[in-house]
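Enquirer: Whatever this is, show me its structure:
(one chain, ligands or ions: 1)
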Amino acid sequence: MNLEKLAAQVAQEFSQNYKRPPRWLVAAPGRVNVIGEHTDYNNGYVLPMAIEYYAVMAADRPTGDGAVVGIRSTAQTEPAHIDTAAPITPGPPRWSNYPRGVAAGFIARGLNPGGLEVWLHSTVPLGGGLSSSAALEVCTATLIEAVTGGKIEPVEKALLCQKAEHEFAGVPCGIMDQFVSVMGREGHLLLLDCRSRQTELVPMRDPSVELLMANTNVHHELGSGQYARRRAQCEAAAKILGVPSLREASAAALEQAKSRMDGEVFRRARHVIGEIERTVQAAGAIRASNWELVGRLMYASHSSLRDDYQVSCAELDALVEIAQSIGLSGGIYGCRMTGGGFGGCAVALVKSDSVAAITKTLAADYKKKTGREATIFGSRPAAGATVLKP
Ligand code: GLA
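Expert: Numbering: from 1, shown residues only. Coordinates of the predicted model:
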């Protein structure tokens, strides 16, 4: 569903629930990462794009007095109540911690939204590795900007949302998801240097290729501690190598330090160092429309995430194996898991004229291999967060 249509639907849902039209309407997209996985918190490069799946919020002031932001939504049965007149702390329901953390960040900057009645509708699949949580954070931030009239710089806005995720949701995530949800641009991938925080838009408009997402429908859960564990292992490797982060490390230096490192820590670092290199190469290959090279880099990224970083799962591996067996003759250049891992989505670079056939084979073979249904969908690179009303 395109954003205009979705926004109109959400406005209508607000009206049905609150018996008046919304005063504000804002949206923030999810993302798919084309390559550069688990590199952001190592100061490396990432290459994501915003997708045409969004968290949308419709809002108005409450009819009575009060400083409570009340959020009801299509997906969550339990509404969120955030009292903006008192210090905001993490609390139930669990999903409310994303908007809670963002509201707290704005209030700390002197931008208090006051009381609101909000209707939330998100089309970003939850736990699908497509940043449903970043979309919710950035959507909340965009709403508070609209309500208070206090626009903050895009980088600051993304960092505020990342902080919300760290402090309220307990996930020590990097900066990729929030950056691309804020700064995505239609028709472009976002090459983000996570050390300097500089961004570069990489056009991706060749009509002969598309990105296809395939959701394993295995729910991924980043709060489980595996993410934090990987992050700590990377920091341990950097320490042994005597560099501030793995961005400053080379494959040769890592090889030399092998005997001084735990085997698992060595393999984690080997993934990160290789993946940073692959991401820079992929950006160049996309600029040159060298789709075969992009595809090879995607497959290499997957193998490294599966074997060295160990964040894949049987279902993601199954999707990539099926993609490989369909191959270039069937229209697939490359495929890899995307996002944090342990479930969620794979992303494939495919020939546009093969999408229908690929979707059919991928779905059927995935069912045969795993007994599960895959959800397969495409997206063009979308724009970042927007205010749709007023
Ligand atoms: C999650 C995090 C990101 C990034 C990816 C892995 O999506 O939120 O910051 O680390 O995992 O690349």
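
Enquirer: Run the contact check for stretch 195-203 versus the ligand.
Expert: No: judged by Cβ under 6 Å from any ligand atom, stretch 195-203 stays clear of the ligand, getting no closer than 13.4 Å. Where you see a C-beta, it was placed from the backbone N, CA and C, and this is true even at glycine.

Enquirer: For that stretch, buried residues please.
Expert: 199, 202 (16 or more other Cβ atoms under 10 Å).

Enquirer: One more: stretch 277-285?
Expert: By neighbour count with 16+ other Cβ under 10 Å, stretch 277-285 contains the buried residues 277, 278, 279, 280, 281, 282, 283, 285.

Enquirer: again, but for stretch 285-303
Expert: Applying 16+ other Cβ under 10 Å to stretch 285-303 flags 285-286, 290-291, 293-302 as buried.

Enquirer: For the stretch 151-300 of the chain, which residues are neighbours of the ligand?
Expert: Neighbours of the ligand within the stretch 151-300 of the chain, by Cβ under 6 Å from any ligand atom: 173, 174, 176, 177.

Enquirer: Tell me who's in contact with the second one.
Expert: For residue 174, the residues meeting the contact criterion (Cβ atoms under 8 Å, 6 or more residues apart in numbering) are 39, 40, 41, 46, 162, 194.

Enquirer: Could you take these and lay them out as TSV, with extra columns for pLDDT, neighbour count and secondary structure?
Expert: Putting those into TSV (pLDDT from 0 to 100; neighbours: other Cβ atoms under 10 Å; DSSP: H, G, I helix; E, B strand; the rest coil) gives the following:
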residue	pLDDT	neighbour count	secondary structure
39	98	29	coil
40	98	22	helix
41	98	20	helix
46	98	28	strand
162	98	24	helix
194	98	22	coil
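
Enquirer: any weak-confidence spans in the stretch 151-300 of the chain?
Expert: Of all residues in the stretch 151-300 of the chain, those with pLDDT under 70 make up the ranges 220-224.

Enquirer: As a check, name the ranges of all strands in it.
Expert: With DSSP state E, counting those that start in this stretch, the ranges of strands along the stretch 151-300 of the chain come out as 188-193, 198-203, 209-215.

Enquirer: Neighbouring strands of the first one in the sheet, and parallel or not?
Expert: Strand pairing for strand 188-193, using DSSP bridges, gives strand 45-60 (antiparallel), strand 198-203 (antiparallel).

Enquirer: that older thread, can you pick out the most distant pair from the contacts of residue 174?
Expert: 39 and 162 (15.4 Å; Cβ to Cβ).
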